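>>> any chance you can model this:
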Amino acid sequence: MEWTLCSPLYDVDDVVALGQKLLGLEGSCLKTDPGVFRHALTVACTNQIFDKGKEFIAVCRNPELLGYCWFDRGGYTTYSRDEISNAKFHHVDLDLSPRIRVRLINEMIDQHILWCQKWGIPVICSTSIRTEHDGFMKIHKKRGFTVNGSYAWIRTEDAHV
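Take a look at the predicted model:
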């Protein structure tokens, strides 16, 4: 699979469309707004061009969009000075075969680990708002993450690509 950094010129509309499709599958107290998502994504992709250590947004195409991931940094708990990188999204096209979806998720996790190693972020956190998150968390558990409900955590130094 070929991954590239998300382009503010070429990828935003496809990412927003896939994101809206996937976010619409879950009942939520939040009303999704594609305009808000498009704005946040465009700004983050543009910033990523100039500061690759702030956020990481990548897309996988073939040539249609198969999936995308978005990670940020700057998360902290109230009881530690360890910085946390949170996964905002691991979205894959649900029309793909389960085998391809699992492969894409694993590749996203690899990218998260490599990005955190590159920028010295000591803790990686991945979460899910989906009702059905067991398969997603199982992938993380196989990768060595500690899983608590819909949260998966690992120290970057313990994570392997």
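>>> tell me, how many residues neighbour Tyr76?
By other C-beta atoms under 10 Å, the residues close to Tyr76 number 11. To be clear about C-beta, it is placed using only N, CA and C from the backbone, and glycine gets the same treatment.
>>> who's in contact with it?
82-84 (C-beta atoms under 8 Å, 6 or more residues apart in numbering).
>>> let's see 7 Å
Neighbour list for Tyr76: 83-84 [criterion: C-beta atoms under 7 Å, 6 or more residues apart in numbering].
>>> swap in the one 10 residues further on?
With contact set as C-beta under 7 Å, 6+ apart, Asn86 has these partners: 71-72, 75, 125.
>>> any figure for the gap between it and Arg103?
The spacing between Asn86 and Arg103, counted by C-beta to C-beta, to the nearest Å, is 23 Å.
>>> quick revisit: please convert the contacts of Asn86 to CSV, extending it with secondary structure and neighbour count.
Listed next are the contacts of Asn86 as CSV, based on DSSP: H, G, I helix; E, B strand; the rest coil; neighbours: other C-beta atoms under 10 Å:
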residue, secondary structure, neighbour count
Phe71, strand, 23
Asp72, strand, 16
Gly75, strand, 13
Cys125, strand, 17
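>>> what is the nearest of those to Thr46?
Asp72 (14.9 Å; C-beta to C-beta).
>>> distance of that closest one relative to Trp153?
Asp72 is 16 Å from Trp153, by C-beta to C-beta.
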